[in-house]
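Peer 1: Predicted model, plus sequence, below.
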Amino acid sequence: MAAPLFTAAQLAVNVLDARSLLSAFGVAGIALVMFAETGLLIGFFLPGDSLLFTAGLLCTGTADRGSALSLPQVLVASAVGALVGAQVGYIIGRRGGRALLDRSRSRRLHEGAVRAEELLARYGHAKAVVLARFIPVVRTVLNPLAGALGVPVRTFTVWQTAGGLVWSIGLVLAGYALGSSVPNVDRYLLPIIALIVIVSLVPLAVELVRSRKRAAREGTAREG
């Protein structure tokens, strides 16, 4: 009898929980989540930052001795998933990403698209592509938007590669360094993951505040 494609544990996985994803799918799950979050508009809700950090921590074997991962494999899976995903997202954008985005009813996704367009307009192509890697939701929508808005393929490829490597490898190594230096780090894993999520949202909050202040100043100038 053929083995089932997915086990019961994999079918019951919580896609919003980094540890659940890693327990169910291991290194392969990292590559898939990175690809979906950075390449497919449906992946905006996935826990990219916390997944990378947790994967690095589990590579030390101290957070959960039954779930130790290989650091070289995690680094490769993280980088490949993030880079290939972004490039696929760009290609999707070139072939009709704007239409796909317009069909979505997700308010969060549309807000991320607005932030992505603001980044492109304010910082230029290169800097915006790199910065977007560190902003949840924005890193999902900027890649297809870059394609839809005609960002040159060479410019996009060079800078998404630079930003993707710094983001993916940096977070994995940060988790690994913490797991290697803090005894019994598993006791603090949930607060650490919560902190990572909060910190990852800071750039988005800062951009939101700046855009509102800028809109208020423009409104005042028009009234004056």
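Peer 2: In hand now; what should we look at?
Peer 1: show me where this structure has helices.
Peer 2: Counting by DSSP state H, one finds helices in the chain at the ranges 8-11, 18-39, 48-58, 71-94, 97-103, 107-132, 138-148, 153-181, 189-223.
Peer 1: worst average pLDDT in those?
Peer 2: In terms of average pLDDT, helix 8-11 trails the rest of the helices of the chain, at a mean of 43.
Peer 1: would you turn the helices of the chain into TSV with mean neighbour count?
Peer 2: Placement of C-beta: from N, CA and C, glycine included. Converted to TSV, the helices of the chain look like this (neighbours: other C-beta atoms under 10 Å):
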stretch	mean neighbour count
helix 8-11	11
helix 18-39	22
helix 48-58	27
helix 71-94	21
helix 97-103	14
helix 107-132	18
helix 138-148	27
helix 153-181	19
helix 189-223	13
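Peer 1: residue contacts, G39?
Peer 2: V84, G85, A86, Q87, V88, G89, I92, N143 (C-beta atoms under 8 Å, 6 or more residues apart in numbering).
Peer 1: go again using 6 Å as the cut-off
Peer 2: Going by C-beta atoms under 6 Å, 6 or more residues apart in numbering, G39 touches G85, V88, G89.
Peer 1: can you put those in a markdown table and add distance to V130?
Peer 2: Shown next, in a markdown table, are the contacts of G39 (distance: C-beta to C-beta, whole Å):
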| residue | distance to V130 |
| --- | --- |
| G85 | 16 |
| V88 | 18 |
| G89 | 15 |
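Peer 1: Pick out whichever of those sits closest to L120.
Peer 2: Of all these, G89 has the smallest distance to L120: 14.2 Å, by C-beta to C-beta.
Peer 1: ok, the contacts of G39 vs G112, which is closest?
Peer 2: Closest to G112, out of all of those and judged by C-beta to C-beta, is G89, at 12.7 Å.
Peer 1: Look up how far A28 lies from that closest one.
Peer 2: Applying C-beta to C-beta, to the nearest Å, the value for G89 to A28 is 20 Å.
Peer 1: Same question for G170.
Peer 2: From G170 to A28 the distance is 22 Å (C-beta to C-beta).
Peer 1: can you check Q160 too?
Peer 2: Computed as C-beta to C-beta, the Q160 to A28 distance reads 22 Å.
Peer 1: now swap in S168 and tell me
Peer 2: Separation of S168 from A28 (C-beta to C-beta) stands at 15 Å.
Peer 1: what's the answer for P136, then?
Peer 2: As for P136, its distance to A28 is 22 Å (criterion: C-beta to C-beta).
Peer 1: before we move on, what about R103?
Peer 2: Distance from R103 to A28, by C-beta to C-beta: 30 Å.
Peer 1: And for A55?
Peer 2: 12 Å.
Peer 1: Same question for S106.
Peer 2: Taking C-beta to C-beta, one finds S106 at 27 Å from A28.
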